[in-house]
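S.K.: okay, sequence plus prediction incoming.
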Amino acid sequence: MKLTTLILGLCSASALAFSAHAESITIATVNNGDMVRMQKLTEDFTSKNPDIQLEWVTLEENVLRERVTTDIATKGGQYDVMTIGTYEVPIWAKQGWLLPLDNLGADYDAKDIIPAIAGGLSADGKLYAAPFYGESSFVMYRKDLIEKAGLKMPDAPTWDFIADAARKMTDRANDINGICLRGKAGWGENMAFLTAMSNSFGARWFDEKWQPQFDQPEWKKTLQFYVDLMKDAGPAGSSSNGFNENLALFQQGKCGMWIDATVAASFVSNPKDSTVADKVGYALAPDTGLGKRGNWLWAWSLGIPAGTQKAASAEKFVAWATGKGYLDLVASKEGWANVPPGTRTSLYENAEYQKAAPFAKMTLDSINSADPTKPTVKPVPYVGVQFVAIPEFQGLGTTVGQLFSAALAGQSSVDDALAAAQTASVREMTRAGYIK
Amino acid sequence: MARAVSTQTKVGWTIAAWVIALLIFFPILYTIITSFKSETEAIAGFKLIPSGTLESYAEVQSQSNYFKFFMNSVVISVGSTILALLIAIPAAWSMAFSPTKRTKDILMWMLSTKMMPAVAVLVPMYLIFRDWGLLDSRIGLTVMLMLINLPIVVWMLYTYFREIPGEILEASRMDGATLWGEIVYVLTPMAIPGIASTMLLNIILAWNEAFWTIRLSTTNAAPLTAFIASFSSPQGLFWAKLSAASTLAIAPILIMGWFSQKQLVRGLTFGAVK
């Protein structure tokens, strides 16, 4: 009896002592399906690393961005791992706010990361954030509706084909819109789509001397094409639609086509939520024959702030969450279709994944065709496909997004919206010192 | 003599009151309705009858520890209210019964601090919290919310105290009451309805405060506002889950408001009719 008590006491004491020594790391993240799944699977990490405890802070994307920016700029030290995107990484790395990921372990295989994604998360040849899931954008279309319209979707369509198909697929009497596109104002909302689209029309945000280019004919062509197309074949109230609104419309069978993030493919092809799951086809984002397609590049990634006191533990976690082993873990627990996409080349060579995700090849082709370092037809002084990687872009992008959203809603003309965008951009870029 | 009011007028006013009340309550009602829908149903369009599924509640519960956020909300809102009352009662007493020529200016200055946008002082406050080790602490958030709501508490108490005749306090002084005795045994019992309604209103304001509570907390001190914020998703449907989280977050304060509505209304209309 006494011996048992003694052993139990020693066990409790050692457990207490052990937990007292466990290091706790705080991870800031967004509430996306893949992130939520990761939180549920962390037991695998903590069982392999019993000396590390994980604390999660989940926030809305914009609040998260503001929170982590405040914390990292003031060296608040509240977070040890941050979920950030391809927009933040080059800017923050340049400011010295992120630690380079040099010690992810011998078995991490950083060379397996898709080159376009790795390029977007690197600065001066060093990786500053590890991709958790990556995406481009492509066309998701209804195979039955396009067939009914007497057309066949090519793997690499042009904008003219898309516009023609959208108008032919539109059936207002049956509440079917030929095309659903983002219209909600915001640098990561309508401007992500329109900036990528403008690249394929030969437009650019700035010339080599940082002069705004909204007064050029390429932007006029882009915006006029978009507004006309949405007027003829888009859903009512499209100036309020973002990713989620269009996802709901497509899943309910109200869109003939939807051009948006490749990650949406797993949602629209899931029979649990989508009424059109077995009728969806995929194609590359459209072009106009100028050499650039209207697709973007984004990766939700895990970075370690320079102010953390727990860099070694944080790096262990990043290596676990973004390593090959994690993909196998998700596949074993929830199936290959639920594996976070768009980060590793080896995933797209996996026959089981190809079988579970019919959109896999098109996703990889889309990601590979986006080049953040040369995003436009004409040369530009910035990095970024659907954004300009400068700190001022969040504010400016949203301002321009509001002007373009107003043009879509019919509150202003295309010409007026472009003129106002040019004025706002010149003012902001002069104030920020880019234009001397 | 009371003015005669026709039945028609009475019915008219009653209907108008119900319509206005329903309009005010409708956003909360629709949030509750949406929480009992599936995600696809929630985004499909306006519909007042939900399918009645509890899947959003189950999902919310599986993703977060509601009780931890709830306890933080209770501690922070009640703590900041008690702290605010401890400071505001003597302050309001002084301004109501021993005013100086600067009293009005001080009151206006206190109120003017509420006019400044919170984001303007975010970085300085963040730095102070960081240097004093108050980030993500209940003490830090309690003090912060006390400071935010203190002007309103002082103003409300000042208004209530002004309705109390100063002669009663003078009489208590003549009977030998000390300053402490005057405030605790004479003034406070007479102003109980006003203090109670100020307290309730302050708890509600502190419970719902989102700007500072989200920005100054991470895991240990995060209250229900942070709990709600965690269910908004940029890629994936979330309205039903967000509504379920909101319903769980507002339920305690709604229940408290329901049980204390008599006190609340009495306090808010205290001195309104002379």
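M.R.: Structure's in. What do you need?

S.K.: in the chain, what helix or strand scores lowest on average pLDDT?
M.R.: Chain wasn't specified; assuming chain A. Lowest by mean pLDDT, DSSP states H and E among the helices and strands of chain A is helix A:2-21, with a mean of 52.

S.K.: to clarify, I was referring to chain B.
M.R.: Min over SSEs of chain B, mean pLDDT, DSSP H and E: helix B:261-268 (a mean of 72).

S.K.: can you map out the strands along chain A?
M.R.: Using DSSP state E, the strands of chain A run over A:23-30, A:52-59, A:81-84, A:122-123, A:126-127, A:129-142, A:177-180, A:255-261, A:280-284, A:297-303.

S.K.: and chain B, by the same measure?
M.R.: Going by DSSP E, chain B shows no strands.

S.K.: buried stuff in stretch A:304-313?
M.R.: For stretch A:304-313, a neighbour-count test (16 or more other CB atoms under 10 Å in any protein chain shown) marks A:Ile304, A:Pro305, A:Ala306, A:Gly307, A:Thr308, A:Lys310, A:Ala311, A:Ser313 as buried. Every residue, glycine included, has its C-beta placed from N, CA and C.

S.K.: circling back: what helices or strands is the least confident helix or strand of chain B leaning on?
M.R.: Packing contacts for helix B:261-268, counted by 3 or more CB pairs under 8 Å, 6 or more residues apart in numbering or on different chains; DSSP states H and E, involve helix B:192-208.

S.K.: tabulate the buried residues of stretch A:304-313 (a markdown table), appending pLDDT and distance to chain B.
M.R.: Output for the buried residues of stretch A:304-313, formatted as a markdown table (pLDDT from 0 to 100; distance: CB to the nearest CB, whole Å):
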| residue | pLDDT | distance to chain B |
| --- | --- | --- |
| A:Ile304 | 96 | 16 |
| A:Pro305 | 94 | 13 |
| A:Ala306 | 91 | 15 |
| A:Gly307 | 86 | 10 |
| A:Thr308 | 91 | 13 |
| A:Lys310 | 94 | 14 |
| A:Ala311 | 94 | 18 |
| A:Ser313 | 96 | 15 |
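
S.K.: and of these, the nearest to A:Asn49?
M.R.: Nearest to A:Asn49 out of the buried residues of stretch A:304-313 is A:Ser313 (CB to CB; 7.7 Å).

S.K.: can I get stretch A:176-190 in PDB, CA atoms only?
M.R.: Coordinates of each C-alpha in stretch A:176-190 appear next as PDB, following Å, rounded to 0.1, in the frame of the first residue of the first chain:
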ATOM      1  CA  ILE A 176     -28.700  30.600 -63.800                       C
ATOM      2  CA  ASN A 177     -25.900  33.200 -64.200                       C
ATOM      3  CA  GLY A 178     -23.300  32.600 -66.900                       C
ATOM      4  CA  ILE A 179     -20.500  33.700 -64.700                       C
ATOM      5  CA  CYS A 180     -19.900  34.500 -61.000                       C
ATOM      6  CA  LEU A 181     -16.900  36.800 -60.200                       C
ATOM      7  CA  ARG A 182     -15.800  38.700 -57.200                       C
ATOM      8  CA  GLY A 183     -17.200  42.200 -56.800                       C
ATOM      9  CA  LYS A 184     -16.900  43.000 -53.100                       C
ATOM     10  CA  ALA A 185     -14.500  45.800 -52.500                       C
ATOM     11  CA  GLY A 186     -11.100  45.100 -51.000                       C
ATOM     12  CA  TRP A 187      -7.500  44.500 -51.900                       C
ATOM     13  CA  GLY A 188      -7.800  40.800 -51.200                       C
ATOM     14  CA  GLU A 189     -11.400  40.700 -52.700                       C
ATOM     15  CA  ASN A 190     -12.300  42.200 -56.100                       C
END
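
S.K.: off-centre distance for that stretch?
M.R.: Put simply, stretch A:176-190 sits 15 Å off its chain's centre (CA atoms, centre = their mean, to the nearest Å).

S.K.: for the stretch 51-200 of chain A, just list every one of the helices.
M.R.: Ranges of helices in the stretch 51-200 of chain A, per DSSP state H, counting those that start in this stretch, are A:61-73, A:88-95, A:115-120, A:143-148, A:159-169, A:190-200.

S.K.: go through the fifth one and flag the buried ones.
M.R.: Going back to what we said before, that points to helix A:159-169. Buried residues in helix A:159-169 (16+ other CB under 10 Å): A:Trp159, A:Phe161, A:Ile162, A:Ala163, A:Asp164, A:Ala165, A:Ala166, A:Arg167, A:Lys168, A:Met169.

S.K.: in contact with the first one: list those residues for me.
M.R.: Applying CB atoms under 8 Å, 6 or more residues apart in numbering or on different chains to A:Trp159 gives the contacts A:Ser200, A:Phe201, A:Phe225, A:Pro286, A:Asp287, A:Thr288, A:Gly294.

S.K.: check the last one too.
M.R.: When the contact criterion is CB under 8 Å, 6+ apart, the partners of A:Met169 are A:Arg142, A:Leu145, A:Ile146, A:Lys148, A:Ala149, A:Ile176, A:Gly178, A:Ile179, A:Ala233, A:Gly256, A:Met257.

S.K.: among these, who's most crowded?
M.R.: Using other CB atoms under 10 Å in any protein chain shown as the neighbour test, those are led by A:Gly178, with 29 neighbours.

S.K.: what about the residue most central in space within chain A, distance to B:Ala21?
M.R.: With distances taken as CA atoms, centre = their mean, the residue of chain A nearest its centroid is A:Trp298 (3.7 Å). Taking CB to CB, to the nearest Å as the measure, A:Trp298 falls 46 Å from B:Ala21.

S.K.: thinking again about what came up before, looking at the buried residues of stretch A:304-313, which is nearest B:Ile192?
M.R.: Nearest member of the buried residues of stretch A:304-313 to B:Ile192, counting by CB to CB, is A:Gly307, at 49.5 Å.

S.K.: if I pick the closest one, what's in contact with it?
M.R.: A:Ile72, A:Lys75, A:Gly76, A:Gly77.

S.K.: buried subset of the residues you listed?
M.R.: Buried among the contacts of A:Gly307 (16+ other CB under 10 Å): A:Ile72, A:Gly76, A:Gly77.

S.K.: any idea how far A:Gly120 is from A:Gln114?
M.R.: In this structure residue A:114 is Ile, not Gln. Counting by CB to CB, the separation of A:Ile114 from A:Gly120 is 10 Å.

S.K.: measure the nearest residue to A:Tyr87 once chain neighbours are set aside to B:Met108 for me?
M.R.: Closest residue to A:Tyr87 apart from its sequence neighbours, by CB to CB, 6 or more residues apart in numbering or on different chains: A:Phe387 at 5.0 Å. Per CB to CB, A:Phe387 is found 45 Å from B:Met108.

S.K.: okay, the two: which has more neighbours?
M.R.: Between A:Phe387 and B:Met108, counted using other CB under 10 Å, the more crowded position is A:Phe387 (26 against 11).

S.K.: quick check: that one touching A:Gly186?
M.R.: No - judged on CB atoms under 8 Å, A:Phe387 makes no contact with A:Gly186 at a distance of 11.2 Å.

S.K.: can you list the helices of the stretch 51-200 of chain A in a markdown table and add distance to A:Thr322 and mean pLDDT?
M.R.: A markdown table is the format used below for the helices of the stretch 51-200 of chain A (distance: least, CB to CB, whole Å; pLDDT from 0 to 100):
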| stretch | distance to A:Thr322 | mean pLDDT |
| --- | --- | --- |
| helix A:61-73 | 18 | 86 |
| helix A:88-95 | 14 | 92 |
| helix A:115-120 | 11 | 90 |
| helix A:143-148 | 34 | 96 |
| helix A:159-169 | 34 | 97 |
| helix A:190-200 | 23 | 97 |
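
S.K.: and B:Ala210, which of those helices is closest to it?
M.R.: Of all those, helix A:61-73 comes closest under CB to CB, at 9.4 Å.

S.K.: who touches the least confident helix or strand of chain B?
M.R.: Against helix B:261-268 from outside (CB under 8 Å, 6+ apart): B:Tyr160, B:Pro193, B:Gly194, B:Ile195, B:Ala196, B:Ser197, B:Thr198, B:Leu200, B:Leu201, B:Gly257.

S.K.: cheers, nothing more for now.
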